[in-house]
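Asks: Mind folding the following:
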Amino acid sequence: MIGCDSQLYWFTLDPLLTMKLHFLIAFCFIFSQSIFGQANDTHILSMKERAETIDRLLDDKVQNYLPSIMRREGIDMWVVMSREYNEDPVIKTLLPATWLAARRRTILIMFDQGAEKGIESIAVSRYDVGKSFKSAWNPEEEPDQWARVAQIIRERNPKKIAVNKSKHFGITDGVVATDLEEFTAALDKKDQGKIVSSEKVAIGWLETRTEAEMAIYPHIVRISHMIIAEAFSNKVITPGVTTTEDVVWWMREKVVELKLQTWFHPTVDVQRADPENFDHLRTFSKRPEPNVIMPGDLLHCDFGITYLRLNTDQQQHAYVLRPGETEMPAYLAVAFKNGNRLQDIFTGNFKEGRTGNEVLKMSREQAIAEGIKPSIYTHPIGYHGHASGTTLGMWDSQGGVPVTGDYPLHLNTAYSIELNAATFIKEWNKEIRIMLEEEAFFDKTGVWYIDGRQEKVILINK
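Replies: As a prediction, this is how the structure comes out:
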């Protein structure tokens, strides 16, 4: 009998083969227990292992994904340049793991040689820039780095020369004035006329998640989920004693303990049966005041980590049980269900080529028709927490977001599905918001949550 994907299969085997099969099954069981045990224990790679993983992912993406992105956008040469400690956000995603900054002036050139030869990735630098970019500059032969850049471009004669300029997408606007001026001045007149914005290529590079990245992303999101679960537990919270700020700083300490980083300072806040109403401005623009956590409180957190150059961004809820309670009150459960339903409506409207503003409008109209009061403010996620790509609403732009909201959805991209559903609680005589945020991946099958989503509020016993 063999177990495979929760199905059982029966075979008649000779004794020797049966013995070998039993050994194989036992080995696989031990191996799987080791691997999944590590995941459940938030196993973190060593720094050496992280570097090896990052470099492997980078080389795979440059060779196997960048060509199709450049061809999709009609760009045959992409030039990314930065000086040390003044790095373009994009170049940081192209540097090997052991390069914590650009060196002197680092110039990377990616040239599409066609379907047969693929991408030629060049470093106009004294050194190779990792495995992906081979050095093409010998200062002893040509002391002027810009002259060598111009020579490389002249030899390849690209149709377009894309640089990181963008009016509306900040992450893809990383070329600084001096670099652009000197780069342009070094080129021949005919090549100067070929300079264009790399905006869509840079966004494509940043937003596309590879198969190899998606093999590890669930583990990263799971680590983040597990930190939240521990933060919202009796290990951390003693009702009547622990404050929301205590939990925030416990999260920060936990991240450091795991040898990880957080890309923003977490928040923990409370909704309860008091006169204070939800305020978007306070929630998103001002830090909530520290509150002592009490029985009957509905807690909310906003938390994320950075690991292996990928980010998480999550919002979840917990309820502190009152004496005698074993479950959260039904009226809060209904409110939470509205939040999950809004997620379903929203992700159900994702379609390749549809703009963020179109998805926002469709989803809001559908939710309102179902009696849900929605607010949707979803963003791409990956190399950056608030990444470049399709913007699907902002908390203060529910009618649509100019330009970034008009950018179309592409397959194989990841998003923080961030939104809230408002529900009036008559028992509290006020409206509360169920604020949810989870990482999800959009591919040809639709939208799926990378490590699931919160479907039940975490319960904290007194």
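
Asks: so what's the closest residue in space to Asn64 that isn't next to it in sequence up against?
Replies: Nearest non-adjacent residue to Asn64, counting by Cβ to Cβ, 6 or more residues apart in numbering: Thr210, 7.4 Å away. The way it works is simple: take the backbone N, C-alpha and C, and place the C-beta from them, glycine included. Shown in contact with Thr210 (Cβ atoms under 8 Å, 6 or more residues apart in numbering): Leu57, Asp60, Lys61, Asn64, Tyr65, Asn412.

Asks: Tyr407 now?
Replies: Contacts were defined as Cβ under 8 Å, 6+ apart; by that measure Tyr407 touches Ile203, Thr355, Gly356, Gly389, Thr390, Thr391.

Asks: so where's this structure shaky on pLDDT?
Replies: The model of the chain has pLDDT under 70 over residues 1-42, 278-289, 462.

Asks: let's see it at 90
Replies: 1-43, 84-86, 97-104, 115-116, 118, 126-127, 129-132, 174, 274-290, 461-462 (pLDDT under 90).

Asks: Where do the strands of the stretch 151-300 of the chain begin and end?
Replies: Using DSSP state E, counting those that start in this stretch, the strands assigned to the stretch 151-300 of the chain run over residues 161-163, 195-197, 267-271, 298-303.

Asks: any idea which helix or strand comes after the longest one?
Replies: Yep, that's strand 298-303 we're talking about. Using DSSP states H and E, the helix or strand that directly follows strand 298-303 along the chain is strand 306-307.

Asks: Can you give the contact residues for the helix or strand just after that following strand?
Replies: Beyond strand 306-307 in the direction of the C-terminus, DSSP H and E gives the next helix or strand as strand 310-311. The set of residues that contact strand 310-311 without belonging to it, under Cβ under 8 Å, 6+ apart, is 213, 216-217, 220, 263, 304-305, 381-385, 387.

Asks: likewise stretch 392-404?
Replies: Stretch 392-404 has contacts (Cβ under 8 Å, 6+ apart) with 168-169, 280, 284, 346, 356-357, 359-361, 364, 375-379, 390-391, 405, 415, 419.

Asks: Give the buried residues for it.
Replies: If you call a residue buried by 16 or more other Cβ atoms under 10 Å, then stretch 392-404 has these buried ones: Leu392, Gly393, Met394, Trp395, Gly400, Val401, Thr404.

Asks: How about the fourth one, nearest residue that isn't a chain neighbour?
Replies: Right, Trp395. Looking at Trp395 with Cβ to Cβ, 6+ apart, the closest residue is Tyr377, at 4.5 Å.

Asks: number of nearby residues for the one you found?
Replies: Around Tyr377 there are 22 other residues, counting by other Cβ atoms under 10 Å.

Asks: go on, the one 4 residues further on?
Replies: A total of 30 residues lie near Ile381 under the criterion other Cβ under 10 Å.

Asks: Return the distance of the nearest residue to it once chain neighbours are set aside relative to Gly389.
Replies: Leaving out its chain neighbours, the residue that sits closest to Ile381 by Cβ to Cβ, 6+ apart is Ser416, at 4.7 Å. Computed as Cβ to Cβ, to the nearest Å, the Ser416 to Gly389 distance reads 11 Å.
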